[in-house]
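S.K.: The sequence isn't on hand, but the structure is:
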């Protein structure tokens, strides 16, 4: 990723700050640091300072070698707390410092207040979140690649399936397929057999695959820090007429929702339309933004949403229907252009029986 000053002088003026300070580590990872630095390893520990004139990255000797492979700006090696203070002091003394309170622990905030008592810490978390709503051309290409890889892996699912395999086994096979593509998981893979397919956020178990089981797989790749989010539902054997009917309803709801998504259209209008088609209240949002996180800006596509669609958004659209014995969810990713949605993935039009 090309490293540059992400925010303009005007942005700093709007937020009424002199400096933007972001930090990541084992306790909390700010995904925006991928956008700032190109570093996709979220378990790294480093600090990033940005003004309207320069970027400064601080990291330890343990991680400096790998950081240099991704970040092409100046890297400051810090070995002691004294090193940190020496570098940060000019940017914090009597300054208004923007911090992302959504990704800063209480301990980190308290330490900053104590160390730099004359600095004014300003929560700019909402402005930072809003900056992720519209994707850049480079971000769009990475999300497209993530969706392409995920779509291909879902398409090869039949190669992994066999009777009596467990949910955990199938999830491991899918995760390995993602790793072979040079990606990481955008989120923990969900595999639900039979009754477990009705658990929206299911934790994989040792339940064995049997004939007649519905199979729900929610699995997405993360490519160079950017997420995809796809779900497929199939039947291992013959599906019932009700299952075919509800799959068709979910598919229709998705197709008509995607057709309705246009710049300026309210998210709530699309969500309400999908629920009417399915004839049942969807127990989760119709969809959400995707990007640096699986659930990203602008937020959920929900009947209570207050925002409208804009060109440059990337979204997951996932209508679902759930009973006590089985569930169906169809999820695909789209890019919103000035003329409507460009599909980044496409689920099968009919319920597949394996």
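M.R.: Arrived safely, thanks for sending. Quick caveat: nothing in here was measured; it's all calculated off a predicted structure.

S.K.: isn't residue 92 right up against residue 20?
M.R.: No: applying Cβ atoms under 8 Å, one finds residue 92 not in contact with residue 20, separated by 11.8 Å. Where you see a C-beta, it was placed from the backbone N, CA and C, and this is true even at glycine.

S.K.: quick one: which of those two has more around it?
M.R.: Taking other Cβ atoms under 10 Å, residue 92 and residue 20 do not tie; residue 20 has more neighbours (28 against 23).

S.K.: OK, contacts around the more buried one?
M.R.: 7, 12, 49, 50, 51, 97, 98, 99, 124 (Cβ atoms under 8 Å, 6 or more residues apart in numbering).

S.K.: Please apply the same query to residue 256.
M.R.: The contact partners of residue 256, by Cβ under 8 Å, 6+ apart, come to 273, 274, 277.

S.K.: In three-state terms, label it for me.
M.R.: For residue 256, the assignment made with DSSP: H, G, I helix; E, B strand; the rest coil gives helix.

S.K.: how near is it to residue 290?
M.R.: Relative to residue 290, residue 256 is positioned 20 Å away (Cβ to Cβ, to the nearest Å).

S.K.: again, but for residue 17
M.R.: For residue 17, the distance to residue 290 - Cβ to Cβ - is 28 Å.

S.K.: So between these two, which is more surrounded?
M.R.: Counted by other Cβ under 10 Å, residue 17 and residue 290 do not tie: residue 290 has more neighbours, with 28 against 23.

S.K.: thought that one was touching residue 331?
M.R.: No: Residue 290 is not in contact with residue 331 according to Cβ under 8 Å; the separation is 10.3 Å.

S.K.: Start from the N-terminal end of the stretch 101-250 of the chain and give the strands.
M.R.: 120-123, 184-185, 190-193, 213-218, 221-223, 226-227, 231-236 (DSSP state E, counting those that start in this stretch).

S.K.: mind listing the helices in the chain by residue range?
M.R.: According to DSSP state H, the chain carries its helices in the segments 9-15, 32-37, 61-70, 81-92, 106-115, 125-130, 137-155, 167-180, 241-260, 267-278.

S.K.: These: which one's closest to residue 350?
M.R.: helix 241-260 (7.3 Å; Cβ to Cβ).

S.K.: what residues are shared contacts of residue 290 and residue 331?
M.R.: Counting by Cβ under 8 Å, 6+ apart, the residues touching both residue 290 and residue 331 are 229, 316.

S.K.: Am I right that residue 71 is in contact with residue 39?
M.R.: Yes: with contact defined as Cβ under 8 Å, residue 71 reaches residue 39; the gap is 5.9 Å.

S.K.: between those two, which one's more packed in?
M.R.: residue 39 (24 against 21).

S.K.: Now the more buried one. Nearest residue, chain neighbours left out?
M.R.: Leaving aside its sequence neighbours, residue 39 sits nearest to residue 70 (Cβ to Cβ, 6 or more residues apart in numbering; 4.6 Å).

S.K.: Was I right to think the one you found contacts residue 36?
M.R.: No: applying Cβ under 8 Å, one finds residue 70 not in contact with residue 36, separated by 11.1 Å.
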